[in-house]
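Undergrad: model this:
(one chain, ligands or ions: 1)
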Amino acid sequence: MSLRVYNSLTRQKEPFKPVQEGKVGIYLCGPTVYKSPHIGHMVGPVIFDAIKRYLTFRGYQVTWIVNITDVDDKLIEKARELGIPMKELAEKHTREYHEVLRDLGVDQIDSFPKATDHIDDIIRITAQLIEKGYAYPADGNVWFDVTRDPDYGKLTNRRVEDQEAGRATEGTGKRNPADFALWKAAKPGEPSWDSPWGKGRPGWHIECSAMSMKYLGETLDIHGGGLDLQFPHHENELAQSESCTGKPFARYWMHNGLTRIKTKAASGEWKNEKMSGSIGNVVSARELVDTFGPELIRYFLLSTHYRRPIEFTDEVLSNCQKAFAVFTRLFERIERLGKPTQEAGDSELARVVEVHRQRFLDMMDDDFNTAGAIAVMHELAGEINSFVEKSGVERTHDAAAIAAAASATATLRELGGILGMFRFLDRQKAVAGGEDADLVEKLVILLIQVRAEARKAKNFATADAVRKGLAEIGISLEDRPDGTIWRKG
Ligand SMILES: [Zn+2]
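TA: As a prediction, this is how the structure comes out:
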(Lines give C-alpha, C1' and ligand atoms only; values in the text may rest on other atoms or scores of the structure.)
Protein backbone atom coordinates (compact mmCIF):
# COMPACT_ATOMS: atom_id res chain seq x y z
CA MET A 1 0.00 0.00 0.00
CA SER A 2 1.20 3.50 -0.57
CA LEU A 3 0.56 6.38 1.74
CA ARG A 4 -2.86 7.98 1.72
CA VAL A 5 -3.78 11.10 3.67
CA TYR A 6 -7.19 12.43 4.59
CA ASN A 7 -7.48 15.95 3.23
CA SER A 8 -9.94 18.19 5.09
CA LEU A 9 -10.24 20.33 1.96
CA THR A 10 -11.56 17.53 -0.26
CA ARG A 11 -13.00 15.54 2.64
CA GLN A 12 -11.44 12.31 1.43
CA LYS A 13 -8.31 10.22 1.64
CA GLU A 14 -5.94 10.96 -1.21
CA PRO A 15 -2.67 9.41 -2.36
CA PHE A 16 0.19 11.39 -0.83
CA LYS A 17 2.16 13.32 -3.41
CA PRO A 18 4.29 16.22 -2.24
CA VAL A 19 5.03 19.24 -4.42
CA GLN A 20 8.68 18.28 -4.79
CA GLU A 21 9.46 14.61 -5.03
CA GLY A 22 11.11 13.28 -1.90
CA LYS A 23 10.58 16.45 0.12
CA VAL A 24 7.80 17.35 2.52
CA GLY A 25 7.05 20.71 4.13
CA ILE A 26 4.73 20.66 7.15
CA TYR A 27 3.31 23.73 8.83
CA LEU A 28 1.50 23.30 12.13
CA CYS A 29 -0.22 26.22 13.82
CA GLY A 30 1.46 26.76 17.15
CA PRO A 31 0.37 28.33 20.41
CA THR A 32 -0.60 31.86 21.32
CA VAL A 33 1.79 32.25 24.22
CA TYR A 34 -0.30 34.15 26.76
CA LYS A 35 -0.50 31.34 29.31
CA SER A 36 1.17 28.10 30.32
CA PRO A 37 0.75 25.21 27.89
CA HIS A 38 -2.04 22.74 28.59
CA ILE A 39 -2.41 19.24 27.28
CA GLY A 40 -4.37 20.50 24.26
CA HIS A 41 -1.22 22.32 23.08
CA MET A 42 0.69 19.04 22.99
CA VAL A 43 -1.72 17.03 20.85
CA GLY A 44 -0.64 18.47 17.48
CA PRO A 45 3.09 18.39 18.27
CA VAL A 46 3.03 14.75 19.46
CA ILE A 47 0.94 13.61 16.48
CA PHE A 48 3.05 15.46 13.91
CA ASP A 49 6.23 14.30 15.62
CA ALA A 50 5.09 10.74 14.87
CA ILE A 51 4.02 11.76 11.34
CA LYS A 52 7.36 13.35 10.57
CA ARG A 53 9.21 10.33 11.92
CA TYR A 54 7.10 8.07 9.71
CA LEU A 55 7.63 10.20 6.60
CA THR A 56 11.36 10.27 7.34
CA PHE A 57 11.31 6.49 7.76
CA ARG A 58 9.62 6.33 4.34
CA GLY A 59 12.57 8.23 2.88
CA TYR A 60 11.20 11.76 2.69
CA GLN A 61 13.24 14.76 3.67
CA VAL A 62 10.83 16.59 5.96
CA THR A 63 10.86 20.20 7.15
CA TRP A 64 8.42 20.94 9.95
CA ILE A 65 7.60 24.43 11.12
CA VAL A 66 5.55 25.43 14.17
CA ASN A 67 4.86 29.13 14.64
CA ILE A 68 4.67 31.06 17.88
CA THR A 69 1.95 33.73 18.03
CA ASP A 70 3.56 36.28 20.30
CA VAL A 71 1.36 39.29 19.53
CA ASP A 72 -2.40 39.09 19.84
CA ASP A 73 -5.38 40.54 21.74
CA LYS A 74 -5.11 37.90 24.45
CA LEU A 75 -1.43 38.61 25.00
CA ILE A 76 -1.99 42.35 25.16
CA GLU A 77 -4.84 41.95 27.62
CA LYS A 78 -3.02 39.47 29.88
CA ALA A 79 0.18 41.54 29.92
CA ARG A 80 -1.84 44.59 30.90
CA GLU A 81 -3.57 42.63 33.66
CA LEU A 82 -0.21 41.49 35.02
CA GLY A 83 1.42 44.89 34.50
CA ILE A 84 4.32 43.46 32.50
CA PRO A 85 5.48 44.05 28.91
CA MET A 86 3.83 41.76 26.35
CA LYS A 87 7.26 40.56 25.21
CA GLU A 88 8.12 39.37 28.71
CA LEU A 89 4.84 37.46 28.98
CA ALA A 90 5.32 35.89 25.54
CA GLU A 91 8.92 34.88 26.26
CA LYS A 92 7.99 33.24 29.55
CA HIS A 93 5.30 31.06 28.01
CA THR A 94 7.34 30.31 24.89
CA ARG A 95 10.06 29.00 27.19
CA GLU A 96 7.56 26.82 29.03
CA TYR A 97 6.22 25.51 25.73
CA HIS A 98 9.72 24.53 24.60
CA GLU A 99 10.49 22.89 27.93
CA VAL A 100 7.38 20.72 27.84
CA LEU A 101 8.03 19.74 24.21
CA ARG A 102 11.58 18.81 25.15
CA ASP A 103 10.45 16.73 28.11
CA LEU A 104 7.89 14.99 25.91
CA GLY A 105 10.62 14.15 23.42
CA VAL A 106 9.07 16.23 20.64
CA ASP A 107 12.36 17.01 18.90
CA GLN A 108 11.47 16.89 15.22
CA ILE A 109 10.38 20.52 14.79
CA ASP A 110 12.87 22.33 12.58
CA SER A 111 12.00 25.87 13.56
CA PHE A 112 9.63 27.97 15.61
CA PRO A 113 9.26 31.33 13.86
CA LYS A 114 7.69 34.11 15.90
CA ALA A 115 5.14 36.53 14.53
CA THR A 116 6.98 39.57 15.89
CA ASP A 117 10.13 38.56 13.98
CA HIS A 118 8.18 38.60 10.70
CA ILE A 119 6.39 41.94 10.73
CA ASP A 120 8.10 42.95 7.46
CA ASP A 121 6.95 39.77 5.71
CA ILE A 122 3.43 40.32 6.99
CA ILE A 123 3.38 43.94 5.80
CA ARG A 124 4.67 42.85 2.38
CA ILE A 125 1.86 40.31 1.87
CA THR A 126 -0.74 42.75 3.15
CA ALA A 127 0.48 45.40 0.69
CA GLN A 128 0.36 42.85 -2.15
CA LEU A 129 -3.21 41.94 -1.28
CA ILE A 130 -4.19 45.62 -1.36
CA GLU A 131 -2.41 46.08 -4.67
CA LYS A 132 -4.23 43.09 -6.17
CA GLY A 133 -7.57 44.42 -4.97
CA TYR A 134 -8.27 41.72 -2.37
CA ALA A 135 -7.82 43.99 0.62
CA TYR A 136 -8.42 47.61 1.53
CA PRO A 137 -7.21 49.94 4.24
CA ALA A 138 -9.69 51.80 6.45
CA ASP A 139 -8.83 54.00 9.43
CA GLY A 140 -5.45 52.40 10.02
CA ASN A 141 -6.83 48.86 9.70
CA VAL A 142 -6.49 46.67 6.64
CA TRP A 143 -9.38 44.34 5.84
CA PHE A 144 -9.53 41.34 3.55
CA ASP A 145 -12.55 41.67 1.26
CA VAL A 146 -14.14 38.21 1.27
CA THR A 147 -16.45 39.10 -1.64
CA ARG A 148 -13.41 39.50 -3.93
CA ASP A 149 -12.39 35.87 -3.39
CA PRO A 150 -14.80 33.69 -5.38
CA ASP A 151 -14.00 30.47 -3.54
CA TYR A 152 -13.89 31.93 -0.04
CA GLY A 153 -15.30 29.35 2.38
CA LYS A 154 -14.21 26.25 0.45
CA LEU A 155 -12.29 24.68 3.34
CA THR A 156 -15.24 24.63 5.71
CA ASN A 157 -18.01 24.71 3.15
CA ARG A 158 -19.40 28.09 4.07
CA ARG A 159 -20.91 30.72 1.89
CA VAL A 160 -20.16 34.36 2.54
CA GLU A 161 -23.86 35.20 2.39
CA ASP A 162 -24.58 32.83 5.29
CA GLN A 163 -22.23 34.75 7.50
CA GLU A 164 -23.46 38.17 6.57
CA ALA A 165 -26.86 37.97 8.16
CA GLY A 166 -27.34 40.19 11.13
CA ARG A 167 -23.74 41.29 11.43
CA ALA A 168 -23.09 44.98 11.51
CA THR A 169 -20.21 46.81 9.91
CA GLU A 170 -20.72 50.18 11.55
CA GLY A 171 -17.72 51.75 13.14
CA THR A 172 -15.32 49.14 11.77
CA GLY A 173 -14.66 50.54 8.31
CA LYS A 174 -15.48 47.07 6.91
CA ARG A 175 -17.26 46.73 3.59
CA ASN A 176 -18.75 43.35 4.47
CA PRO A 177 -19.42 41.83 7.87
CA ALA A 178 -17.31 38.75 7.07
CA ASP A 179 -14.22 40.78 6.11
CA PHE A 180 -11.35 40.07 8.47
CA ALA A 181 -8.33 42.05 9.64
CA LEU A 182 -4.91 41.69 8.06
CA TRP A 183 -3.58 44.65 9.98
CA LYS A 184 -5.01 46.25 13.11
CA ALA A 185 -4.53 49.92 13.97
CA ALA A 186 -2.82 50.39 17.33
CA LYS A 187 -4.91 51.54 20.24
CA PRO A 188 -3.18 53.78 22.80
CA GLY A 189 -0.69 51.87 24.93
CA GLU A 190 -0.62 48.78 22.72
CA PRO A 191 2.57 47.33 21.26
CA SER A 192 2.79 48.46 17.65
CA TRP A 193 4.95 48.57 14.54
CA ASP A 194 5.22 51.13 11.76
CA SER A 195 3.42 50.29 8.55
CA PRO A 196 2.22 52.07 5.39
CA TRP A 197 -1.19 52.31 7.14
CA GLY A 198 0.11 53.78 10.37
CA LYS A 199 1.17 52.19 13.61
CA GLY A 200 -0.42 48.84 14.26
CA ARG A 201 0.02 45.10 14.53
CA PRO A 202 -0.75 42.07 12.38
CA GLY A 203 -3.99 40.11 12.49
CA TRP A 204 -3.66 36.50 13.58
CA HIS A 205 -4.38 34.74 10.27
CA ILE A 206 -1.87 36.69 8.18
CA GLU A 207 0.97 35.70 10.52
CA CYS A 208 0.58 32.06 9.55
CA SER A 209 0.38 32.81 5.82
CA ALA A 210 3.52 34.93 5.98
CA MET A 211 5.59 32.51 8.05
CA SER A 212 4.48 29.28 6.38
CA MET A 213 5.15 30.54 2.86
CA LYS A 214 8.44 32.14 3.88
CA TYR A 215 9.86 28.87 5.18
CA LEU A 216 8.09 26.27 3.06
CA GLY A 217 7.25 27.97 -0.23
CA GLU A 218 3.97 29.15 -1.71
CA THR A 219 2.40 25.69 -1.70
CA LEU A 220 2.86 23.73 1.51
CA ASP A 221 2.62 19.97 1.42
CA ILE A 222 0.81 19.61 4.72
CA HIS A 223 -0.93 22.28 6.77
CA GLY A 224 -1.94 20.98 10.17
CA GLY A 225 -3.79 22.23 13.18
CA GLY A 226 -6.56 21.48 15.62
CA LEU A 227 -10.09 21.04 14.31
CA ASP A 228 -11.09 24.25 16.13
CA LEU A 229 -8.75 26.24 13.86
CA GLN A 230 -10.56 25.30 10.65
CA PHE A 231 -12.76 28.35 10.88
CA PRO A 232 -12.08 31.16 10.78
CA HIS A 233 -8.29 30.76 11.09
CA HIS A 234 -7.48 28.27 8.33
CA GLU A 235 -10.26 29.43 6.03
CA ASN A 236 -8.83 32.94 6.20
CA GLU A 237 -5.21 31.80 5.90
CA LEU A 238 -6.18 29.90 2.77
CA ALA A 239 -8.12 32.81 1.24
CA GLN A 240 -5.42 35.40 1.74
CA SER A 241 -2.52 33.10 0.70
CA GLU A 242 -4.17 31.88 -2.50
CA SER A 243 -5.38 35.38 -3.38
CA CYS A 244 -1.82 36.61 -2.97
CA THR A 245 0.00 33.90 -4.95
CA GLY A 246 -2.67 32.52 -7.26
CA LYS A 247 -1.44 29.04 -6.29
CA PRO A 248 -2.89 26.35 -4.04
CA PHE A 249 -1.80 27.14 -0.47
CA ALA A 250 -1.61 23.60 0.89
CA ARG A 251 -1.84 20.20 -0.74
CA TYR A 252 -3.21 18.47 2.34
CA TRP A 253 -5.05 20.04 5.24
CA MET A 254 -4.81 17.80 8.26
CA HIS A 255 -6.92 18.54 11.32
CA ASN A 256 -6.52 16.74 14.58
CA GLY A 257 -9.41 16.07 16.93
CA LEU A 258 -9.66 18.09 20.09
CA THR A 259 -8.94 16.97 23.58
CA ARG A 260 -12.06 16.36 25.54
CA ILE A 261 -12.02 16.20 29.25
CA LYS A 262 -14.78 14.85 31.43
CA THR A 263 -15.92 17.49 33.83
CA LYS A 264 -18.58 17.33 36.44
CA ALA A 265 -21.46 19.73 35.82
CA ALA A 266 -23.18 21.54 38.66
CA SER A 267 -25.99 19.00 38.30
CA GLY A 268 -23.50 16.27 39.20
CA GLU A 269 -23.62 14.83 35.69
CA TRP A 270 -20.44 14.14 33.79
CA LYS A 271 -20.23 15.93 30.51
CA ASN A 272 -17.74 16.06 27.73
CA GLU A 273 -16.26 19.38 26.87
CA LYS A 274 -13.69 20.51 24.43
CA MET A 275 -10.58 21.47 26.31
CA SER A 276 -9.50 25.02 25.68
CA GLY A 277 -8.02 27.87 27.57
CA SER A 278 -11.30 29.65 27.88
CA ILE A 279 -13.29 26.87 29.52
CA GLY A 280 -10.86 26.65 32.37
CA ASN A 281 -10.89 22.87 32.62
CA VAL A 282 -7.34 22.83 31.46
CA VAL A 283 -4.83 20.29 32.58
CA SER A 284 -1.36 21.77 32.72
CA ALA A 285 0.98 20.07 30.28
CA ARG A 286 3.85 20.40 32.73
CA GLU A 287 1.92 18.68 35.50
CA LEU A 288 0.88 15.88 33.18
CA VAL A 289 4.35 15.18 31.87
CA ASP A 290 5.84 15.28 35.35
CA THR A 291 3.14 13.02 36.75
CA PHE A 292 2.76 10.49 33.97
CA GLY A 293 6.04 10.70 32.08
CA PRO A 294 6.74 11.25 28.39
CA GLU A 295 6.19 7.68 27.26
CA LEU A 296 2.73 7.47 28.72
CA ILE A 297 1.57 10.86 27.43
CA ARG A 298 2.77 10.02 23.94
CA TYR A 299 1.16 6.60 24.15
CA PHE A 300 -2.05 8.21 25.35
CA LEU A 301 -2.13 10.77 22.52
CA LEU A 302 -1.14 8.32 19.78
CA SER A 303 -3.47 5.51 20.77
CA THR A 304 -6.46 7.43 19.42
CA HIS A 305 -6.67 8.17 15.69
CA TYR A 306 -5.57 11.76 15.24
CA ARG A 307 -8.82 12.87 13.63
CA ARG A 308 -10.92 11.65 16.53
CA PRO A 309 -11.43 13.54 19.78
CA ILE A 310 -9.16 12.41 22.57
CA GLU A 311 -11.08 11.53 25.70
CA PHE A 312 -9.10 12.62 28.66
CA THR A 313 -10.14 10.99 31.91
CA ASP A 314 -8.35 9.36 34.82
CA GLU A 315 -9.78 6.07 33.68
CA VAL A 316 -8.34 6.39 30.19
CA LEU A 317 -4.92 7.31 31.55
CA SER A 318 -4.96 4.44 33.97
CA ASN A 319 -5.89 2.05 31.15
CA CYS A 320 -3.00 3.47 29.11
CA GLN A 321 -0.66 2.81 32.02
CA LYS A 322 -1.70 -0.83 32.10
CA ALA A 323 -1.51 -1.19 28.33
CA PHE A 324 1.91 0.44 28.09
CA ALA A 325 3.23 -1.80 30.87
CA VAL A 326 2.68 -4.76 28.53
CA PHE A 327 5.61 -3.48 26.47
CA THR A 328 7.92 -2.65 29.36
CA ARG A 329 7.26 -6.02 31.02
CA LEU A 330 8.01 -7.78 27.75
CA PHE A 331 11.27 -5.86 27.27
CA GLU A 332 12.36 -6.77 30.78
CA ARG A 333 11.37 -10.38 30.27
CA ILE A 334 13.47 -10.64 27.13
CA GLU A 335 16.41 -8.85 28.76
CA ARG A 336 16.33 -11.41 31.56
CA LEU A 337 16.97 -14.13 28.96
CA GLY A 338 20.40 -12.59 28.41
CA LYS A 339 22.14 -11.43 25.25
CA PRO A 340 21.63 -13.70 22.25
CA THR A 341 24.76 -15.66 21.33
CA GLN A 342 23.74 -16.35 17.75
CA GLU A 343 21.95 -14.70 14.84
CA ALA A 344 18.21 -15.21 14.60
CA GLY A 345 17.53 -17.47 11.65
CA ASP A 346 14.34 -18.11 9.79
CA SER A 347 11.67 -19.29 12.21
CA GLU A 348 7.93 -19.34 12.59
CA LEU A 349 8.23 -16.38 14.96
CA ALA A 350 10.26 -14.44 12.40
CA ARG A 351 7.50 -14.95 9.83
CA VAL A 352 4.85 -13.82 12.32
CA VAL A 353 6.94 -10.72 13.06
CA GLU A 354 7.21 -9.89 9.37
CA VAL A 355 3.44 -10.10 8.95
CA HIS A 356 2.94 -7.75 11.88
CA ARG A 357 5.59 -5.36 10.63
CA GLN A 358 3.80 -5.10 7.31
CA ARG A 359 0.45 -4.57 9.00
CA PHE A 360 1.97 -1.81 11.12
CA LEU A 361 3.20 -0.06 7.96
CA ASP A 362 -0.19 -0.53 6.29
CA MET A 363 -1.85 1.15 9.27
CA MET A 364 0.52 4.11 9.06
CA ASP A 365 0.04 4.30 5.30
CA ASP A 366 -3.68 4.58 5.93
CA ASP A 367 -3.78 8.24 6.98
CA PHE A 368 -1.20 7.81 9.76
CA ASN A 369 -3.40 5.49 11.79
CA THR A 370 -1.18 5.43 14.87
CA ALA A 371 -3.96 3.85 16.93
CA GLY A 372 -4.15 0.93 14.54
CA ALA A 373 -0.36 0.70 14.42
CA ILE A 374 -0.17 0.54 18.22
CA ALA A 375 -2.85 -2.16 18.23
CA VAL A 376 -0.65 -4.21 15.87
CA MET A 377 2.29 -3.67 18.24
CA HIS A 378 0.18 -5.08 21.05
CA GLU A 379 -0.64 -8.14 18.97
CA LEU A 380 3.03 -8.60 18.23
CA ALA A 381 3.88 -8.32 21.93
CA GLY A 382 1.27 -11.00 22.56
CA GLU A 383 2.88 -13.26 19.95
CA ILE A 384 6.33 -12.84 21.49
CA ASN A 385 5.02 -13.55 24.99
CA SER A 386 3.28 -16.68 23.83
CA PHE A 387 6.44 -17.78 22.01
CA VAL A 388 8.42 -17.37 25.24
CA GLU A 389 5.87 -19.43 27.12
CA LYS A 390 5.43 -22.17 24.53
CA SER A 391 9.13 -22.54 23.80
CA GLY A 392 9.99 -22.79 27.49
CA VAL A 393 13.08 -20.69 26.74
CA GLU A 394 13.03 -19.21 30.23
CA ARG A 395 13.86 -22.69 31.58
CA THR A 396 15.91 -24.14 28.74
CA HIS A 397 17.85 -21.01 27.69
CA ASP A 398 17.95 -22.48 24.22
CA ALA A 399 20.23 -20.22 22.15
CA ALA A 400 18.09 -20.31 18.98
CA ALA A 401 14.95 -19.42 20.94
CA ILE A 402 16.70 -16.56 22.75
CA ALA A 403 17.90 -15.23 19.41
CA ALA A 404 14.40 -15.47 17.91
CA ALA A 405 12.75 -13.74 20.87
CA ALA A 406 15.39 -11.01 21.00
CA SER A 407 15.12 -10.32 17.30
CA ALA A 408 11.32 -10.15 17.42
CA THR A 409 11.50 -7.77 20.35
CA ALA A 410 14.03 -5.61 18.53
CA THR A 411 11.53 -5.29 15.67
CA LEU A 412 8.80 -4.31 18.13
CA ARG A 413 11.07 -1.61 19.56
CA GLU A 414 11.96 -0.45 16.08
CA LEU A 415 8.29 -0.11 15.13
CA GLY A 416 7.63 1.86 18.34
CA GLY A 417 10.65 4.00 17.48
CA ILE A 418 8.98 5.02 14.22
CA LEU A 419 6.27 6.62 16.37
CA GLY A 420 8.86 8.10 18.74
CA MET A 421 8.10 5.57 21.47
CA PHE A 422 10.44 3.70 23.82
CA ARG A 423 13.09 6.41 24.00
CA PHE A 424 12.55 7.35 27.62
CA LEU A 425 11.92 4.05 29.33
CA ASP A 426 14.32 4.88 32.15
CA ARG A 427 12.70 8.23 32.76
CA GLN A 428 9.31 6.60 32.52
CA LYS A 429 10.30 4.20 35.27
CA ALA A 430 11.36 7.14 37.40
CA VAL A 431 8.00 8.91 37.27
CA ALA A 432 4.98 7.58 38.99
CA GLY A 433 3.82 6.15 35.69
CA GLY A 434 5.29 2.71 36.08
CA GLU A 435 3.64 -0.32 37.52
CA ASP A 436 4.46 0.80 41.05
CA ALA A 437 2.49 4.01 40.56
CA ASP A 438 -0.33 2.89 42.81
CA LEU A 439 1.99 1.82 45.56
CA VAL A 440 4.01 5.06 45.41
CA GLU A 441 0.82 7.10 45.50
CA LYS A 442 -0.48 5.21 48.52
CA LEU A 443 2.83 5.43 50.39
CA VAL A 444 3.17 9.16 49.82
CA ILE A 445 -0.42 9.76 50.91
CA LEU A 446 0.24 7.70 54.04
CA LEU A 447 3.28 9.85 54.84
CA ILE A 448 1.26 13.03 54.23
CA GLN A 449 -1.29 11.74 56.75
CA VAL A 450 1.44 10.90 59.27
CA ARG A 451 2.80 14.42 58.88
CA ALA A 452 -0.67 15.95 59.31
CA GLU A 453 -1.23 13.92 62.49
CA ALA A 454 2.16 14.98 63.83
CA ARG A 455 1.36 18.62 63.22
CA LYS A 456 -1.99 18.24 64.90
CA ALA A 457 -0.19 16.87 67.94
CA LYS A 458 2.24 19.80 67.72
CA ASN A 459 5.06 17.36 67.03
CA PHE A 460 6.69 19.65 64.50
CA ALA A 461 10.02 17.86 64.58
CA THR A 462 8.42 14.71 63.15
CA ALA A 463 6.34 16.68 60.66
CA ASP A 464 9.45 18.44 59.38
CA ALA A 465 11.37 15.19 59.26
CA VAL A 466 8.71 13.68 56.98
CA ARG A 467 8.78 16.69 54.65
CA LYS A 468 12.58 16.73 54.60
CA GLY A 469 12.81 13.00 54.07
CA LEU A 470 10.43 13.16 51.13
CA ALA A 471 12.32 16.12 49.66
CA GLU A 472 15.53 14.09 49.80
CA ILE A 473 14.00 11.41 47.60
CA GLY A 474 12.68 14.04 45.21
CA ILE A 475 9.11 14.48 46.40
CA SER A 476 7.93 17.94 47.35
CA LEU A 477 4.81 18.77 49.30
CA GLU A 478 2.62 21.79 48.91
CA ASP A 479 0.07 22.73 51.53
CA ARG A 480 -3.08 24.15 50.05
CA PRO A 481 -6.27 25.28 51.77
CA ASP A 482 -7.98 22.08 50.66
CA GLY A 483 -5.18 19.73 51.63
CA THR A 484 -1.59 18.79 50.86
CA ILE A 485 -0.58 17.84 47.34
CA TRP A 486 2.66 16.20 46.28
CA ARG A 487 4.76 16.17 43.18
CA LYS A 488 8.03 14.79 42.00
CA GLY A 489 10.90 17.25 41.69
ZN1 LIG B 1 -2.09 29.36 12.07
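Undergrad: Val316 touches Ser303, doesn't it?
TA: No: the criterion here is CB atoms under 8 Å, and Val316 misses it with Ser303 at 9.2 Å. Bear in mind the C-beta positions are built from the backbone N, C-alpha and C, glycine included.
Undergrad: Compare the two and say which is more crowded by neighbours.
TA: The neighbour count for Val316 versus Ser303, taken as other CB atoms under 10 Å, is higher for Ser303 (20 against 15).
Undergrad: so what's the more buried one up against?
TA: Counting by CB atoms under 8 Å, 6 or more residues apart in numbering, Ser303 touches Cys320, Ala323, Thr370, Ala371, Ile374.
Undergrad: could you measure it against the ion, distance?
TA: As judged by CB to the ion, to the nearest Å, Ser303 and the ion stand 27 Å apart.
Undergrad: Now, the contacts of Ser303 that are in strands?
TA: Judged by DSSP state E, strands contain none of the contacts of Ser303.
Undergrad: Which of those residues fall within helices?
TA: Cys320, Ala323, Thr370, Ala371, Ile374 (DSSP state H).
Undergrad: Which stretches in the stretch 251-400 of the chain count as helices?
TA: 285-292, 294-302, 314-336, 348-365, 370-391, 393-396, 399-418 (DSSP state H, counting those that start in this stretch).
Undergrad: and what of the stretch 1-150 of the chain?
TA: 39-57, 73-82, 86-104, 119-131.
Undergrad: Need these in JSON lines (columns: mean neighbour count, distance to Gly474 and mean pLDDT).
TA: What follows is the helices of the stretch 1-150 of the chain, written out as JSON lines (neighbours: other CB atoms under 10 Å; distance: least, CB to CB, whole Å; pLDDT from 0 to 100):
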{"stretch": "helix 39-57", "mean neighbour count": "23", "distance to Gly474": "23", "mean pLDDT": "96"}
{"stretch": "helix 73-82", "mean neighbour count": "15", "distance to Gly474": "31", "mean pLDDT": "95"}
{"stretch": "helix 86-104", "mean neighbour count": "18", "distance to Gly474": "15", "mean pLDDT": "97"}
{"stretch": "helix 119-131", "mean neighbour count": "19", "distance to Gly474": "44", "mean pLDDT": "98"}
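Undergrad: right, and these - which one's nearest the ion?
TA: Of all those, it is helix 39-57 that lies closest to the ion, at 10.7 Å by CB to the ion.
Undergrad: what's the angle between that closest one and helix 86-104?
TA: Helix 39-57 runs at 60 degrees relative to helix 86-104, counting by axes from the mean of the first three to the mean of the last three CA atoms, to 10 degrees.
Undergrad: Helix 39-57: how far from the chain's middle?
TA: In terms of CA atoms, centre = their mean, to the nearest Å, the centre of helix 39-57 is set 7 Å apart from its chain centre.
Undergrad: same check, this time on stretch 218-230
TA: Distance, centroid of stretch 218-230 to centroid of chain: 14 Å (CA atoms, centre = their mean).
Undergrad: Flag every buried residue along it.
TA: Glu218, Thr219, Leu220, Asp221, Ile222, His223, Gly224, Gly225, Gly226, Leu227, Leu229, Gln230 (16 or more other CB atoms under 10 Å).
Undergrad: same question, stretch 373-393
TA: Buried residues in stretch 373-393 (16+ other CB under 10 Å): 373-374, 376-377, 380-381, 383-385, 387-388, 391, 393.
Undergrad: what's the answer for stretch 467-476, then?
TA: Buried-residue list, stretch 467-476, by 16+ other CB under 10 Å: Arg467, Leu470, Ile475.
Undergrad: So which of the residues you listed is the closest to Ala185?
TA: Nearest to Ala185 out of these is Ile475 (CB to CB; 52.3 Å).
Undergrad: Now for the nearest residue to Ser36 once chain neighbours are set aside: which residues touch it?
TA: Excluding the flanking residues, the one nearest Ser36 by CB to CB, 6 or more residues apart in numbering is Glu96, at 5.4 Å. When the contact criterion is CB under 8 Å, 6+ apart, the partners of Glu96 are Ser36, Pro37, Arg286.
Undergrad: how about the residues of the stretch 151-300 of the chain near the ion?
TA: Residues of the stretch 151-300 of the chain found near the ion (CB under 5 Å from the ion) are Cys208.
Undergrad: rerun at 6 Å
TA: Proximity of the stretch 151-300 of the chain to the ion, by CB under 6 Å from the ion, involves residues Cys208, His233, Glu237.
Undergrad: ok, Pro113 to the ion distance?
TA: Distance from Pro113 to the ion, by CB to the ion: 11 Å.
Undergrad: I'd say that residue and Ile65 touch.
TA: Yes: with contacts counted by CB under 8 Å, Pro113 reaches Ile65, the gap being 6.6 Å.
Undergrad: shared neighbours, these two?
TA: Met211, Tyr215.
Undergrad: quick one, what contacts the residue in the stretch 301-450 of the chain that the ion sits nearest to?
TA: Nearest to the ion, among the residues of the stretch 301-450 of the chain, is Tyr306, at 17.5 Å (CB to the ion). Counting by CB under 8 Å, 6+ apart, Tyr306 touches Ile47, Met254, Asn256, Gly257, Phe368, Thr370.
Undergrad: Out of those residues, which one has the lowest pLDDT?
TA: For those, the weakest pLDDT value sits at Gly257, with 91.
Undergrad: Quick check: closest non-adjacent residue to that residue.
TA: That would be Pro309: by CB to CB, 6+ apart, it lies 4.2 Å from Gly257.
Undergrad: tally of neighbours for that neighbour?
TA: 16.
Undergrad: Now do the same for it: its pLDDT.
TA: The model's pLDDT for Pro309 equals 87.
Undergrad: That one touches Asp228, doesn't it?
TA: No: Pro309 is beyond contact range of Asp228, at 10.9 Å (criterion: CB under 8 Å).
Undergrad: Which among the contacts of Ser303 count as buried?
TA: Cys320, Ala323, Thr370, Ile374.
Undergrad: Tell me who's in contact with the second one.
TA: Think Ala323. Per CB under 8 Å, 6+ apart, neighbours of Ala323: Tyr299, Ser303, His378.
Undergrad: Then the third one?
TA: Contacts of Thr370 were listed using CB under 8 Å, 6+ apart, and they are Ile47, Ala50, Leu302, Ser303, His305, Tyr306, Met363, Met364, Leu419.
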